[in-house]
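J.: Here you go, sequence then predicted model.
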There are 2 protein chains.
Amino acid sequence: MNAIKILQQGLHDFWVRHSLPKEVGVLIALSGGGDSVALLHLLLQLAPFFSLRIQAAHLDHGIRAESGRDVDFVQQLCSEWQVPLTVERLDLPKLARERGQGLEEAGHELRREFLQRTADALGCDYIALGHHRGDQAETLLMRLVRGSGLTGLAAMRPLNDRLIRPLLTFSRKQVEDYLEAIGQAYLQDASNEDLYYTRNRIRHRVLPELTELNPRLGENLVALTQRISSEEDFWQQEVKETLGAVRTMDDRGLWLNRPALLDLHPALRARVLRQALQEVRGDLRGIGAIHVEAMEKLLEGTKPQAEAHLPGAWAGRRYERLWLRPIPPIMAAPFTIEVRGPGEVLLPDGRRMVFSIEAAPQGETPVVVEFPAQLVPFPLTVRSFRPGDRFHPDGAPGSRKLKKFFIDAKIDRETRAAVPLLEGRQILWLAGLARCQQWACVEGEGPVLRVVVQAC
Amino acid sequence: MNAIKILQQGLHDFWVRHSLPKEVGVLIALSGGGDSVALLHLLLQLAPFFSLRIQAAHLDHGIRAESGRDVDFVQQLCSEWQVPLTVERLDLPKLARERGQGLEEAGHELRREFLQRTADALGCDYIALGHHRGDQAETLLMRLVRGSGLTGLAAMRPLNDRLIRPLLTFSRKQVEDYLEAIGQAYLQDASNEDLYYTRNRIRHRVLPELTELNPRLGENLVALTQRISSEEDFWQQEVKETLGAVRTMDDRGLWLNRPALLDLHPALRARVLRQALQEVRGDLRGIGAIHVEAMEKLLEGTKPQAEAHLPGAWAGRRYERLWLRPIPPIMAAPFTIEVRGPGEVLLPDGRRMVFSIEAAPQGETPVVVEFPAQLVPFPLTVRSFRPGDRFHPDGAPGSRKLKKFFIDAKIDRETRAAVPLLEGRQILWLAGLARCQQWACVEGEGPVLRVVVQAC
């Protein structure tokens, strides 16, 4: 097949293989360089088959002397080929300063924003980028250098949301051959690429060196990104499913079931932990292997309660669960409230504790307790846990240290600090958890002190 | 922690983390270079804690002028430290020629063989190699350049069978600091490394360039190899389990269940196909993405029978199964055998077909058929399928093309060519598959022609 056929067939296959729809608008990022010029030409050839509306957009970073020449070139090309063109000019150095970013980072972001904004304004469903195999190999190596995990090594996806890269599996040579075959000129040093210091170093110094060692390097690296990309997709499904099975959420944060996590293969467990962290933080910026290891240490450690401070997150082991939050939990401050008679008191967590005298017992629940009024007289105290407290719970043979009770019942330290203790002659009730074994109400034996905790 | 403590602690941790046993012999590959000298010293420090017997082995490739100097150095060091040393000298250029290999490949293999052989002879359980973080980063990049899949990118394992690499997570600088701290000299340009053209290019030209872009490159790459290694282990388990569920084997080869494969995530399916191919071939040398894709095309294609020739293997779709073999199946040659009377005939596949006249029917099975002897008289023919054959199977409303019957019954083409057809007035029996609808035997209605196929 000749150069023209190969790429034309390639574009058609791309559309079919990714099940892209007909009758859509496609905005092409047109720098004027060979890749984008060839891609525009190819898309125009493809347009009749799928009823595509093709438009072009050009961003002038305004940092090179030739940028005016670039604009002239793309304007002339689009007028010749009758393609609607949007040109925007910006002062990249100024904007980068304002954003506190380097030229490279700011240039990348501004270009993305410009394309998205323009596609939205023009009603274009897709944005076509001219990246080819060589760019993909560069991206893989850049990500490798920057310390990406495997997810990053999938590099650029051929179809990523509305971004499409139809030339990704073709070489620069194939693109250049195409341009030569159609006799089309292009800008030799167009585009924004010279902003990219790291990319240029990789392109001009590292890749040639590696390609000398293996002339098929580009193909191999692209095949590798495809394979990683497919496996990342597998992991995404696997992790989502697994996380769904081991995760619970409440107003205190995200909780992971420790025994279930320990049952997982370490590789899956590490990914599940990363994903849980991402859900808590919003992203994984700055999260590395050592942070995942810190969570694993909590899980595997012998301490039933321990914590780790992570960048932008906090992780705590609480017995058989791992607790993740954006910020550490706040331990309730100690409190003491005297209760002189019937009525209600406000607890520090916003709940209310209501005291009343009733003629007969109405039944207890975890948040309701009843005592014979004459045996448990006012004043009473509602207070938080203090070291040394003793308690005589239901079913226990005698009183014991409240701390021991908390440990046996696997009550986490935040709950311990927040649980209101009702104290009369001794600790009568751990509201919501357990009552003292003594002073049960007996039907028909006089008035009852009823205590109810009401949600805020 | 100082340089000495860090590495000593590191070695101890290595032994504990990998659950390595006490009271074992360890053979260290001692080139005389910094890495191996430091490792020997560290192992000698570690030895009392785990009752290790440390020995050293040095291979003299004999291709450098200084190799005599290297041997002198390691001999003196081992005598000073009282470590038993085995030295072997070989003529690498000559051996490489004999093996038809390059110096690099042959040197690598010969070194491996020497170490294994020496460890066996000395009763050493482990072979310790001095690879450090920089070597690991080089290995990763080399594998990347050579087009390794993800499995190869796990690079060198810290513990791989009997090979151990206790320094793998430490940098060259840490090793050099250690040597300086203990005041130990070493050979600046020792070892076999200068054989390795690719490795040297990566080390001296590519890695410095990349490290300029990110000074933490080495750590990042090693972390990546660790992560890939852990995920490869996950995949290995997953693939083994999945393959076990979709694979059957018989004397014709390995068969995979097509619907089950199509149900798998594409990433898992590709790995399962690779593993199946490995089982058929013994290894995956020369197998790339396109070969896996060829198998996937067979699975996904509309042709119920199709095949692909792969390097060192053959894959065939046979209806709802994928068939893998080291070599293509041989299609049975056409045959025709005339049967004049009772007795037995030898079939081309080695089985025998036995004809007898019985007083009464004894019952049919897939390999036994019976007809009323007077309605199906000798001579009969046993022959292979011919285009145009017609057949009237049990339960069918009339005769139809035998080819159509084969298609409906999903009989693969190799079976079609091999199945013996018994022909009298018409095709009476497809041995093992189906009999003609007519001429069933009725109890008490005279003598019976009984035909039995017997395994070879």
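T.: Looks like it arrived, so ask away. Because the structure is a prediction, the values reported are computed rather than measured.
J.: First-to-last residue distance for stretch A:436-455?
T.: 22 Å (CA to CA, to the nearest Å).
J.: What are the contacting residues of that stretch?
T.: Residues from elsewhere that reach stretch A:436-455 (CB atoms under 8 Å, 6 or more residues apart in numbering or on different chains): A:344, A:347, A:351-362, A:367-376, A:391-396, A:420, A:422, A:426-429, A:431-432. Just so you know, the C-beta spots here come from the backbone N, C-alpha and C atoms, and that holds for glycine as well.
J.: From those residues, list just the buried residues.
T.: Among the contacts of stretch A:436-455, those classed as buried by 16 or more other CB atoms under 10 Å in any protein chain shown are A:347, A:351, A:353, A:355, A:361, A:368-373, A:376, A:391-393, A:420, A:422, A:427-429, A:431.
J.: Identify the residue spatially nearest to the residue in the stretch 51-200 of chain A that chain B sits nearest to, adjacent ones excluded.
T.: Among all residues of the stretch 51-200 of chain A, A:G147 sits closest to chain B, at 3.5 Å; criterion: CB to the nearest CB. Leaving aside its sequence neighbours, A:G147 sits nearest to B:N220 (CB to CB, 6 or more residues apart in numbering or on different chains; 3.5 Å).
J.: That neighbour against A:G149, yeah?
T.: No: B:N220 lies out of contact with A:G149 (CB atoms under 8 Å); the separation is 9.6 Å.
J.: Just list the residues touching A:P304, thanks.
T.: A:317-319, A:407, A:410.
J.: Which residues of chain A lie near chain B?
T.: By CB under 8 Å from any CB of the partner chain, the residues of chain A that approach chain B are A:141, A:144-147, A:149-150, A:198, A:201-202, A:205-206, A:209-210, A:212-214, A:216-217, A:220-221, A:223-224, A:226-228, A:230-231, A:233-234, A:237, A:265-268, A:270, A:288-289.
J.: In helices, which of those residues appear?
T.: A:141, A:144-146, A:150, A:198, A:201, A:209-210, A:212-213, A:217, A:220-221, A:223-224, A:226-228, A:230-231, A:233-234, A:237, A:266-268, A:270, A:289 (DSSP state H).
J.: Narrow these to just the buried residues.
T.: Using 16+ other CB under 10 Å as the burial test, those include A:141, A:144-145, A:150, A:198, A:201, A:209-210, A:213, A:217, A:220-221, A:223-224, A:226-228, A:230-231, A:234, A:267-268, A:270, A:289 as buried.
J.: Which element, helix or strand, includes A:L277?
T.: helix A:266-281 (DSSP states H and E).
J.: for that helix, the distance to its chain's centre please.
T.: 10 Å (CA atoms, centre = their mean, to the nearest Å).
J.: Same question for stretch A:34-42.
T.: The answer for stretch A:34-42 is 35 Å, by CA atoms, centre = their mean.
J.: CA atoms only for that stretch - export them in PDB, please.
T.: Output of stretch A:34-42 as PDB, limited to C-alpha atoms (Å, rounded to 0.1, in the frame of the first residue of the first chain):
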ATOM      1  CA  GLY A  34       3.300  18.300   9.600                       C
ATOM      2  CA  ASP A  35       1.300  16.100  12.000                       C
ATOM      3  CA  SER A  36      -1.600  18.500  12.300                       C
ATOM      4  CA  VAL A  37      -1.600  19.400   8.600                       C
ATOM      5  CA  ALA A  38      -1.700  15.800   7.600                       C
ATOM      6  CA  LEU A  39      -4.400  15.000  10.100                       C
ATOM      7  CA  LEU A  40      -6.500  17.900   8.800                       C
ATOM      8  CA  HIS A  41      -6.200  16.600   5.300                       C
ATOM      9  CA  LEU A  42      -7.000  13.100   6.300                       C
END
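J.: Outside of it itself, list whatever touches it.
T.: Under the criterion CB under 8 Å, 6+ apart, residues A:7-8, A:11, A:28-30, A:54, A:56, A:77, A:81, A:83, A:128-132, A:135, A:166-167, A:172, A:175-176, A:178-179, A:182, A:184, A:186-187, A:190-191 lie in contact with stretch A:34-42.
J.: who's in contact with A:E296?
T.: A:E296 makes contacts with A:266, A:269-270, A:273, as judged by CB under 8 Å, 6+ apart.
J.: now with 10 Å?
T.: For A:E296, the contacting residues are A:261-262, A:266, A:269-270, A:273, A:308, A:322, by CB atoms under 10 Å, 6 or more residues apart in numbering or on different chains.
J.: Could you do A:H12 as well?
T.: If you count contacts by CB under 10 Å, 6+ apart, then A:H12 has A:42, A:45-46, A:49-50, A:166 around it.
J.: distance of it from chain B?
T.: Taking CB to the nearest CB, to the nearest Å as the measure, A:H12 falls 18 Å from chain B.
J.: so what pLDDT did that residue get?
T.: A:H12 is assigned 96 on the pLDDT scale.
J.: In which helix or strand does it reside?
T.: helix A:3-17.
J.: For that helix, list every residue counted as buried.
T.: Applying 16+ other CB under 10 Å to helix A:3-17 flags A:3, A:7-8, A:10-12, A:14-15 as buried.
J.: now swap in stretch A:151-163 and tell me
T.: A:152-159, A:162-163.
J.: among these, which are in helices?
T.: Reading helices off those with DSSP H, I get A:152-153.
J.: Throw the buried residues of stretch A:151-163 into CSV and include distance to A:E98 and pLDDT, thanks.
T.: As requested, those are exported to CSV (distance: CB to CB, whole Å; pLDDT from 0 to 100):
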residue, distance to A:E98, pLDDT
A:G152, 28, 84
A:L153, 33, 87
A:A154, 32, 85
A:A155, 30, 86
A:M156, 28, 90
A:R157, 31, 91
A:P158, 34, 93
A:L159, 33, 93
A:R162, 27, 96
A:L163, 26, 96
